[in-house]
Every structure is written in structure tokens, then in C-alpha cells.
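> My questions concern the predicted model and sequence given below.
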Amino acid sequence: MQTPDLDSLPGIPLDEEGPVFREPWQAQAFALVLKLHEQGYFTWAEWAERLNRAISAARAAGDPDLGNTYYHHWLAALEGIAADKRLVTSEALARRRDEVQEEHQRLHGHSH
């Protein structure tokens, strides 16, 4: 699979080999976006615009943009575009968010 133009994505953590992920879920979210794009569910320009909006909204809400929240914006953009394209229902997204939060609490012994 050929990676689309990552230069069109603001702030993506990169090194000389490509995208950098701190946690497995970040790589999974990245791969899911690439797969959905590859399968024609949205154009790369649509994705870049959606991600830009998610980052702008987070900044407006007070995100200091230190680089450690980038994939949270990626995930928010993915959830939004998947809902808009009717690839998933808002109920399914909410249910999955709850499952992930419960798993995180179980593994780490605290809530966010």
C-alpha cells in the first residue's frame, strides 16, 4: 500500500522512516484511515480537511498543541468522517468509546 502525501497533514509526528506512534491504538487509527481511503470511502483531501478541522477545534478548546495529542485529533477526525460517511452509527461509536475507556481503566487503574 502506498502512503498518501503525509506533507498535507499538519503536525503529524514523523521521523526519517515515516509516522511515529507512541501507543498501538495510534498505529491502528492511522492504518484504518489509510485503508478507508484506499477503499475509496473518502479522498485524501477530504481527510486532510477533516483532520485540520479537528486540530483547529481542539486548539480553540484550549489544547496547547504540544504534539502529544495529535492522534487524539486523528481519532476525532476519523470518528467524524466515519459517521458522516455512514460507515458507523453514533451509537456504535459511543459504545466502543465506553468499551475502550473501561479497558483503559482496568489496565491503568484510573480514569481520564
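Sure, I can see it. A quick note: this is a predicted structure, and the numbers were derived from the prediction, not measured. Numbering: from 1, shown residues only.
> in what helix or strand does residue 82 lie?
Using DSSP states H and E, residue 82 sits in helix 70-84.
> downstream neighbour of that helix in the secondary structure list?
helix 90-108.
> Which residues does the helix holding residue 82 contact?
11-13, 21-23, 25-26, 29-30, 32-33, 36, 42, 46-47, 50-51, 53-55, 57-58, 63, 88-90, 93 (CB atoms under 8 Å, 6 or more residues apart in numbering). Every residue, glycine included, has its C-beta placed from N, CA and C.
> Out of these, which end up buried?
Buried subset of those (neighbour count, 16 or more other CB atoms under 10 Å): 12, 26, 29-30, 33, 36, 42, 47, 50-51, 54-55, 58, 63.
> Out of these, which sit inside strands?
Assignment to strands by DSSP state E places none of these there.
> Kindly reformat the residues you listed as CSV and extend each row with pLDDT and distance to residue 71.
Converted to CSV, these look like this (pLDDT from 0 to 100; distance: CB to CB, whole Å):
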residue, pLDDT, distance to residue 71
12, 86, 9
26, 91, 4
29, 92, 6
30, 93, 8
33, 94, 11
36, 95, 16
42, 96, 18
47, 95, 14
50, 95, 14
51, 94, 11
54, 93, 11
55, 92, 11
58, 93, 12
63, 90, 13
